[in-house]
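1. sequence first, then the predicted structure, then my questions.
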Amino acid sequence: MTTTAKVGRYMNTQVAAISAGATLNEAIQILADSQSSGAAVFDKQSGDSQALVGMVSEQDCLKQLLSDSYHCGTPTLIEAVMRRAVETVNPDDSILDIAGRMSDEPKVFPVMVDDALVGVISQREVLQALSQNQCGNW
C-alpha cells in the first residue's frame, strides 16, 4: 500500500518572519541568518496575534536591489516588495500537488492551519520529498 507524501512531513517549522515596516536590507539579513529562501511578512502593528500580510523571497529582494542600485534614495520597505497575494497550503496537502504549483511562482508557500502559520515549504523541501519518494514510493 502506498501513501501520499504530505506537506506536514517536510515543511520547515522554523519560519523566517519580518515586519512589513522593515527595510529591504533587514529582510536580506533575516533571510541570510535563517538560511531561508523566503520569509513570512507580518503586519507592522504590535500585538499578540499578528496577521500574515505577505511573503518576501530572495528573488523579490534581488529584483528590488537591482532597481535600487540605479536609484540611490530612501531605503525600500518590505511592504513595497512583498507579494500580497499569498498562496497558502495545508499540512495535509500532497507534495506532488505542491510541486506542480511550484513550477511557476511562488517558490515558498506558507503552511497554515486555520488562520495560524505553522511552517513554510520551499522548493528545497519539495525536492527532498520527491527525491525520497521516487519510483512510486508514495
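-> Cool, got the structure. Residues are numbered from 1 along each chain as shown.
2. now the lowest-mean-pLDDT helix or strand in the chain: buried residues?
-> Ranking every helix and strand in the chain by mean pLDDT, DSSP states H and E puts helix 58-70 at the bottom, with a mean of 83. Neighbour counts over helix 58-70 (16 or more other Cβ atoms under 10 Å) mark 58, 60-61, 64, 68 as buried. C-betas here are computed from N, CA, C, even on glycine.
3. check stretch 93-108 too.
-> Result for stretch 93-108 [16+ other Cβ under 10 Å]: buried residues 93, 95, 98, 102, 106-108.
4. next one: that stretch to chain centre, how far?
-> 12 Å (Cα atoms, centre = their mean, to the nearest Å).
5. so what touches that stretch?
-> The contact list for stretch 93-108, computed with Cβ atoms under 8 Å, 6 or more residues apart in numbering, reads 4-7, 10, 36-38, 55, 57, 59, 83, 87, 89, 109, 120-123, 126, 129-130, 133, 138.
6. out of those, which sit inside strands?
-> Among these, the residues falling in strands (DSSP state E) are 38, 55, 57, 109, 120-122.
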